[in-house]
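Peer 1: Structure for this input, please:
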Amino acid sequence: MAKIGLFYGTDTGNTERTAKKIKELVEAKIGAGKVDLLEIYKKKKEDMAKYDLLILGMPTWYDGELQGDWEEYIGEMNQIDFTGKKVAFFGLGDQYGYASYFCDALGVFAEMVEKQGGKIAGFTSAAGYEHDFSKAQRGDQFVGLCLDVDNQDDLTEQRSKQWVDQIVAEFGL
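Peer 2: Here you go, the predicted structure:
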């Protein structure tokens, strides 16, 4: 079975904690040691390109800003051929304080992956969220798992478990 590359960027530690939890949930389904957990800081394109199954985690800051390490990785990311790869996204945002930019980073990177031949896995419903706009939203769905640990943390565990079940199936594992 192919390993999954789970890459994340974090400033406050919330995305790191979420990435670790997602790794734990995925490995509970497919077996220990099947997910490589990697912080995106100072990674190169080769680090990500070697995986055919990817989970990418990122927060969105303020008015739709990318987390610093992900912003620095854009040049590397633009050089990856995602053809034949399945990529699932999870992101953290604040749907009340930044209602017009909720989880925008997911939308930015999902568009990149698709333009470079990748297939997005793990679309989720936008129902139950209170935001005005998101680059991560397509119709009534997000391009991945959007979490608001500040305002809806009580839903984080349930949403994460459902999403992990979904991506494990979509990854064919």
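Peer 1: Report the strands that pair with the worst-scoring helix or strand of the chain on mean pLDDT, each with its relative direction.
Peer 2: Scoring the helices and strands of the chain by mean pLDDT, DSSP states H and E places strand 65-66 at the bottom, with a mean of 94. Here strand 65-66 has these sheet partners by DSSP bridges: strand 53-61 (antiparallel).
Peer 1: hang on, the earlier thing: after the least confident helix or strand of the chain, next one along is what?
Peer 2: Next along the chain after strand 65-66, taking DSSP states H and E as the criterion, comes helix 68-77.
Peer 1: Just the angle for that following helix relative to strand 53-61, thanks.
Peer 2: 130 degrees (axes from the mean of the first three to the mean of the last three Cα atoms, to 10 degrees).
Peer 1: Name the residues of helix 68-77 that come out as buried.
Peer 2: For helix 68-77, burial by neighbour count (16 or more other Cβ atoms under 10 Å) applies to 69-70, 73, 76-77. Glycine gets a C-beta too; all of them are placed from N, C-alpha and C.
Peer 1: correct me, but residue 113 touches residue 87?
Peer 2: Yes: contact status for residue 113 versus residue 87: in contact at 4.9 Å, counting by Cβ atoms under 8 Å.
Peer 1: Neighbour count: those two, which is higher?
Peer 2: residue 87 (29 against 21; other Cβ atoms under 10 Å).
Peer 1: gap between the lengthiest helix in the chain and the chain center?
Peer 2: For the chain, the longest helix by residue count, based on DSSP state H, is helix 14-30. Counting by Cα atoms, centre = their mean, to the nearest Å, helix 14-30 is centred 12 Å from the centre of its parent chain.
Peer 1: what residues does it touch?
Peer 2: Residues from elsewhere that reach helix 14-30 (Cβ atoms under 8 Å, 6 or more residues apart in numbering): 1, 4, 6, 8-10, 33-35, 37, 39, 55, 57-59, 67, 90-92, 147, 149, 156, 160-161, 164-165, 167-168, 173.
Peer 1: Among those, the buried ones, what's the PyMOL command?
Peer 2: Restricted to buried positions by 16+ other Cβ under 10 Å, the PyMOL selection for the contacts of helix 14-30 reads:
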select buried, resi 4+6+8+9+10+34+35+37+55+57+58+59+67+90+91+92+147+149+156+160+164+167+168
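Peer 1: In helices, which of the contacts of helix 14-30 appear?
Peer 2: Using DSSP H, the contacts of helix 14-30 in helices are 156, 160-161, 164-165, 167-168.
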